[in-house]
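Participant: Next comes the sequence, and after it the predicted model I'd like to discuss.
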Amino acid sequence: MSDYMFMLENHLTADQARALAEVQSAAVQAGVSLYLTGGAVRDMLGGFPIRDLDFVIEGNALKLAKDLEKQGKAEIVEIDDNRKSAEMLFPGGVTVQMGMAHEERYTKPGGKAHVTPSTIYEDLKCRDFTVNALALSLNKASRGLLLDPANGLAELERKELRAVGNYALYDSPIRLFRMIRFKVRMGYQIAERTQLQYENARLAEVEKFITPAQLLTELEAIAHEPSVGDILQALDETKLLTLVSPILTGPKLNLVGLAKLQKARQLLPFGIDLPVDYVSLMFYFLTEKLTPKERAAFIKGLGLSKKQVDAWQKLEGHAKKLEKELKSAKLQKPSMVYQTVSKAPGELILFLLTKSSERLVTDRLKNYLQKYIFTAQEVTDQQVEAAGAKAGTPKFQKLKELLIKKALDARPKKIEPVPEVLPPVAATHGAHGRR
């Protein structure tokens with residue numbers, strides 16, 4: 001096993017490792033070359049948690065994605081017919097991007113990319129920043145081989161963002177947003193030539209060519225960043241956020257609320273699968289200070305669907321119901337709190353941690369995130385089976401819930417203080433008790 005494969009396996013969650021194995025198996029059966037690319041390789045090498053898996057296939061990526069869906073391995077969420085790519089959702093909430101190796105050419109800033117099939121090397125040379133132009137071969141003959149045609153590894157070591165090409169920010173102006181997002185998230189500096197390219201692009205006002213659909217996609221990516229408030233503040237400082245809405249600046253931009261949300265997200269336990277609708281949360285706090293008329297203009301400008309709007313605008317009402325339950329005096333035991341909170345969507349937990357003024361509510365939520373979840377996880381399936389229930393049966397689930405309840409409500413073991421035994425003074429130090 002190469003050092004890079006060893007590093008990858010140590011960065012993947014169990015669910016991500018299973019998704020990767022499924023894609024690898026499908027690629028072998030289809031007889032196509034498969035590479036892990038982009039953010040996953042960048043984050044692995046940069047020491048960041050891997051969020052999504054981005055695969056490039058030298059061949060028919062859409063067929064591979066559809067085969068996986070037919071086999072019930074994953075669900076196709078969205079298809080990009082131009083780039084022949086698919087966004088997929090695997091068990092455990094693992095997001096996977098599967099795309100055909102291709103080249104992109106632009107005839108004008110912000111225009112539709114002219115896409116042609118290519119090799120993995122040409123694909124990497126058409127990416128936005130060198131730290132994203134990295135790939136790891138998952139093929140039998142070259143498994144673990146790192147491909148780095150743009151010298152992105154050197155930029156990772158220097159902690160620097162450099163555009164792959166001289167026209168990267170002109171060809172696709174949404175990369176202006178992406179550059180700010182990466183800069184804040186990773187704490188990297190922007191390379192001198194790329195900074196100059198950025199300034200020239202802004203002088204040419206290429207940001208005017210960014211479409212509402214591109215803005216929405218980028219906002220959704222920002223919403224999933226732990227440093228969401230810092231990124232939006234940086235976009236405001238660069239005057240890019242006004243492209244989303246000219247109102248979102250100054251006192252209308254809810255930086256205080258976004259900072260509180262960012263702080264609440266730090267309480268989420270690492271490695272625990274807790275589904276959260278981060279997009280709805282961000283939209284709520286981002287538009288909290290807008291008037292109904294301004295909010296309507298924001299919705300229209302981004303082309304948000306009724307489903308997307310409802311998800312964000314009903315957050316407060318749903319959160320108040322959960323807050324009422326958590327204030328109840330009936331929740332006298334940890335197991336009762338656990339049962340109540342574990343049924344709630346993650347976005348409601350974060351909403352209340354950010355907005356609730358009830359100390360009892362926030363304390364119970366913190367206990368759930370910092371104590372009860374881990375206590376419940378200590379009850380393993382093996383323990384339940386040993387207690388007399390077969391996995392997959394109703395009895396198994398019932399017994400597991402009972403064992404979790406007992407573990408949560410058990411009193412902490414009392415630790416008896418160890419008496420301090422001191423030797424007689426005279427016997428150790430003589431009659432005068434010298435120290």
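Facilitator: Structure's in. What do you need? Numbering: from 1, shown residues only.
Participant: mind checking how far the closest residue to Ala311 other than its chain neighbours is from Val94?
Facilitator: Nearest non-adjacent residue to Ala311, counting by CB to CB, 6 or more residues apart in numbering: Ser280, 4.4 Å away. Glycine gets a C-beta too; all of them are placed from N, C-alpha and C. Noted for Ser280: a distance of 21 Å to Val94, by CB to CB, to the nearest Å.
Participant: the more surrounded of these two?
Facilitator: Val94 (24 against 20; other CB atoms under 10 Å).
Participant: For that one, what are phi and psi?
Facilitator: Backbone torsions for Val94, taken as degrees, to the nearest 10, come to phi -80, psi 120.
Participant: Just to check, it is in contact with Leu53?
Facilitator: Yes: contact criterion CB atoms under 8 Å: Val94 and Leu53 qualify, at 6.7 Å.
Participant: For those two, list the residues in contact with both.
Facilitator: 16, 19 (CB atoms under 8 Å, 6 or more residues apart in numbering).
Participant: Which parts of this protein are strands?
Facilitator: For the chain, the strands defined by DSSP state E cover 33-37, 53-58, 75-80, 85-90, 94-100, 102-105, 114-117, 135-137, 146-147, 160-161, 189-190.
Participant: So what touches the fourth one?
Facilitator: The one in question is strand 85-90. Residues contacting strand 85-90 (CB under 8 Å, 6+ apart): 15, 18-19, 22, 61-62, 65-66, 68-69, 73-80, 95-100.
Participant: and those residues, which are buried?
Facilitator: Buried by 16 or more other CB atoms under 10 Å: 18-19, 22, 61-62, 65, 68, 73-74, 76, 95-100, out of the contacts of strand 85-90.
Participant: Next, give me the two most distant ones among those.
Facilitator: The largest separation in the buried ones among the contacts of strand 85-90, counting by CB to CB, is between Arg18 and Met100 at 23.7 Å.
Participant: number of nearby residues for Ile231?
Facilitator: 24.
Participant: what's the answer for the one 5 residues further on, then?
Facilitator: Asp236 is flanked by 17 other residues according to other CB under 10 Å.
Participant: quick revisit: may I see the strands of the chain arranged in TSV, with distance to Glu199 as well?
Facilitator: Listed next are the strands of the chain as TSV, based on distance: least, CB to CB, whole Å:
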stretch	distance to Glu199
strand 33-37	29
strand 53-58	29
strand 75-80	31
strand 85-90	32
strand 94-100	31
strand 102-105	24
strand 114-117	27
strand 135-137	30
strand 146-147	31
strand 160-161	14
strand 189-190	10
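Participant: Could you export those to a markdown table, including columns for mean pLDDT and distance to Val244?
Facilitator: Formatted as a markdown table, those follow (pLDDT from 0 to 100; distance: least, CB to CB, whole Å):
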| stretch | mean pLDDT | distance to Val244 |
| --- | --- | --- |
| strand 33-37 | 97 | 28 |
| strand 53-58 | 96 | 25 |
| strand 75-80 | 94 | 21 |
| strand 85-90 | 95 | 22 |
| strand 94-100 | 95 | 23 |
| strand 102-105 | 93 | 25 |
| strand 114-117 | 93 | 27 |
| strand 135-137 | 97 | 32 |
| strand 146-147 | 96 | 35 |
| strand 160-161 | 97 | 22 |
| strand 189-190 | 96 | 22 |
